[in-house]
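heads up, no residue letters with this:
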DNA sequence: AATTTAGGTGACAACGTTGTCTGCTAGTTC
DNA sequence: GAACTAGCAGACAACGTTGTCACCTAAATT
């Protein structure tokens, strides 16, 4: 898509020029509210924080003054002094928020956070694992109370010092390496084993595994689950039936197309991640093989059920994973002595047709 | 899906108990770094901020001390004092981050922000417009430098005071009502008119419009574009061909199913939003009508091209919209006197088959 | 009537940092 | 060798708020 952009300049806002062209009046502080209400700064603080011990008359006067000036308490200043030093802020660091799986995790985290009046910083890393530590440090400098991380870097040892300094961590989707903490993951290995077992039960022996970045524990676990199932059934896995380190839909489509056009093509595919499953869907349909070659994917995706055949998947519940991670984080924030937990969220094999295609005779 | 959860408790971290069960040592401050390095607090500040005028020897001593203590500057404290009072933080308030359209906007915003060392708060409103103001105030209290909002509430007049106090705003996807500011939107009306014109050109006269929450300007504009095209072609629009205020895929599926099963069903659908388009895809396929009834949708969606027939859409570029909004915001932050701009990002009609189905003879 | 008490209210220091200004030392210039 | 730099380092106040404590008033107790 090649877009151009039209920009039209509208008249400057009817609001902003009230204080001169560039100017806005600086935000009112408690001091100013106090002056207007004719009370001391501290009394304003008490009213704003709903502390007891202020007469009803003054409460009203202060509230009126605050409303009149549009006073908005400066939380960053308050947190500086407030005991516990909580900022009511957490961070969430993911691979890519525009991937629906991660977007749902964010949504789940938000849901829990907003209830507690906690704001959520979001950041995407892409493939750039080197950014992981930088972003964690940026959030740490902003004194987030806690951080939820989907580890991308090979190793999270760098977090040890942060955690010792009071940064509370939880991990989603992938267990960290080099540190411990609350973890919420899917039963990757067992679920994959089960799914591949289904393919074998339907008679497949030539089953290919197409997976994501092999350095990630999820990809590793799913691959291990695949091997578990294949070994249990004593099915050999030729090297060319294993494709790993696929990062994008396009890469998946290309390499699966190659796989299917090669000699001795597989009769079934296990695609170990949502982007890869979509690539497979494309490749199969482009070759007209979607009713010949079986497919089961890891991660559900939109419209998987309206395709023909429907795409069978191992469905995770990412929103729930996000919620659980946030809850673990807040539990730990409330009780630092709490033991670290690992929560394994079971996934569900949803059969829609593509996984039940039998091999050719 | 009905899930249960397994929780296993692991041994407490090998790291955290270093300072006793619950305890972590509090974060080191510049004061402590200064003590360790044997210099004054201010010298540490200079080194951390790379200010000139510190001898090389001291720079090294301070850096070593900072590293040894794992010192992380407290940005919130720094911003309190720092001139301009910038927090290097912006907020993004959307309807729902787990909607791929909004997720891509967030991604675009992040992309621009991270380059500038700015962190992004994200929040979803759902249908709850009343939350909009609350969340804006929560972010304002945290002194975000700027805020990007996809307006959901009927009216954004409440922002006037915030903006006067220096909160810089940009708006995405929808123009605000009651305030002005930088706006980045799609050419909703013209693009819709063009798409509906295509349907008419293919011979359709019985064209239904299925749209989202009608109070939103986007929905309004798209509806107007639909009417533009219909009126230009002098085609009458019976009341039952207009369905509005659809919020979810399920609602869309149900009401479109009803529409298609009613008397005098439409021969073509214009579905004015991605969730609605997906609902239509479901309804059409459930009824086996996907090759009989034409469909053009607003917003592209994953796999629209591999469906059979492929779904023709008016494609927006949400990531770009996000980037442009963030750029407008930062431009305004750099120059408060800058005029407010409205950027209209053209969309593109992508024909994939569903929009080119002719009406029955 | 003197004393205690409770209920308000405010002065002041502190949170961790940066901006300003002053002071010291060593090197340069006359 | 005195006067002047430049370069470096630190003391101190300030940012906007909260925690602590002292104070004041009026009511309640003796």
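Right, received. Where do you want to start? Note that the structure is a prediction, hence the values are computed from the model and not measured.

does the host helix or strand of residue A:324 reach chain B?
Taking DSSP states H and E as the definition, residue A:324 sits inside helix A:318-334. Yes - using C-beta under 8 Å from any C-beta of the partner chain, helix A:318-334 comes into contact with chain B via A:319, A:320, A:324. Backbone N, C-alpha and C define where each C-beta goes, glycine included.

can you check stretch A:176-191 too?
Yes - using C-beta under 8 Å from any C-beta, stretch A:176-191 reaches chain B at A:179, A:180, A:181.

hmm, back to that, which residues touch the helix holding residue A:324?
Residues outside helix A:318-334 that contact it (C-beta atoms under 8 Å, 6 or more residues apart in numbering or on different chains): A:86, A:90, A:100-102, A:104-113, A:116, A:118, A:145-146, A:148, A:168-173, A:182, A:184-186, A:338, A:341, A:343, A:345, B:3, B:5, B:98.

buried subset of these as a ChimeraX selection?
Entered in ChimeraX, the line below selects the buried ones among those, by 16 or more other C-beta atoms under 10 Å in any protein chain shown:
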select /A:90,100,101,102,104,105,106,107,108,109,110,111,112,113,118,145,146,148,168,169,170,171,172,173,182,184,185,186,338,341,343,345 /B:98
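
the contacts of helix A:318-334 in helices, which ones?
Within these, residues falling in helices by DSSP state H are A:100-102, A:104-113.

show me where the stretch 1-150 of chain A has its helices.
A:30-37, A:41-48, A:56-69, A:75-81, A:100-115, A:130-141 (DSSP state H, counting those that start in this stretch).

and the ones you listed as a markdown table, adding distance to chain B?
As requested, the helices of the stretch 1-150 of chain A are exported to a markdown table (distance: least, C-beta to the nearest C-beta, whole Å):
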| stretch | distance to chain B |
| --- | --- |
| helix A:30-37 | 12 |
| helix A:41-48 | 11 |
| helix A:56-69 | 9 |
| helix A:75-81 | 4 |
| helix A:100-115 | 4 |
| helix A:130-141 | 4 |
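
deepest of these, which one?
helix A:100-115 (a mean of 23; mean count of other C-beta atoms under 10 Å in any protein chain shown).

quick one, strands of the stretch 101-250 of chain A?
Here the stretch 101-250 of chain A has its strands, by DSSP state E, counting those that start in this stretch, at A:119-124, A:146-149, A:168-172, A:182-186, A:207-210, A:242-243.

at the contact with DNA strand D, which residues of chain A appear?
Contact residues, chain A versus DNA strand D (C-beta under 7 Å from any atom of the strand): A:26-27, A:29-31, A:41-42, A:45, A:48-49, A:71, A:73-74, A:77-78, A:80-83.

residue ranges with poor pLDDT in the stretch 201-350 of chain A?
Of all residues in the stretch 201-350 of chain A, none has pLDDT under 70.

residue A:191 is in contact with residue A:229, correct?
No - using C-beta atoms under 8 Å, residue A:229 makes no contact with residue A:191, being 10.8 Å away.

next, count neighbours for the closest residue to residue A:310 other than its chain neighbours.
Using C-beta to C-beta, 6 or more residues apart in numbering or on different chains and skipping the chain neighbours, the partner closest in space to residue A:310 is residue A:352 (2.8 Å). Look at residue A:352: counted by other C-beta atoms under 10 Å in any protein chain shown, it has 18 neighbours.

okay, the residue nearest to the spatial centre of chain A: pLDDT?
With distances taken as C-alpha atoms, centre = their mean, residue A:102 lies nearest the centre of chain A, 3.6 Å away. Residue A:102 carries a pLDDT value of 97.

report the beta-bridge partner residues of the residue nearest to it when sequence neighbours are not counted.
The shortest distance from residue A:102 to any non-neighbouring residue, by C-beta to C-beta, 6+ apart, is to residue A:94 (4.4 Å). Beta-bridge partners of residue A:94, counted by DSSP bridges, are residue A:124.

chain center to stretch A:47-67: distance?
41 Å (C-alpha atoms, centre = their mean, to the nearest Å).

any idea of the mean pLDDT for it?
91.

and for the residue lying closest to residue A:182 once chain neighbours are set aside, the neighbour number?
If the residues on either side of it in the chain are set aside, residue A:182 comes closest to residue A:328, at 3.9 Å by C-beta to C-beta, 6+ apart. Residues lying near residue A:328 (other C-beta under 10 Å) number 28.

any idea which helix or strand comes after the host helix or strand of residue A:285?
Per DSSP H and E, residue A:285 falls inside helix A:274-287. Where DSSP H and E defines the elements, the next helix or strand beyond helix A:274-287 is strand A:294-298.
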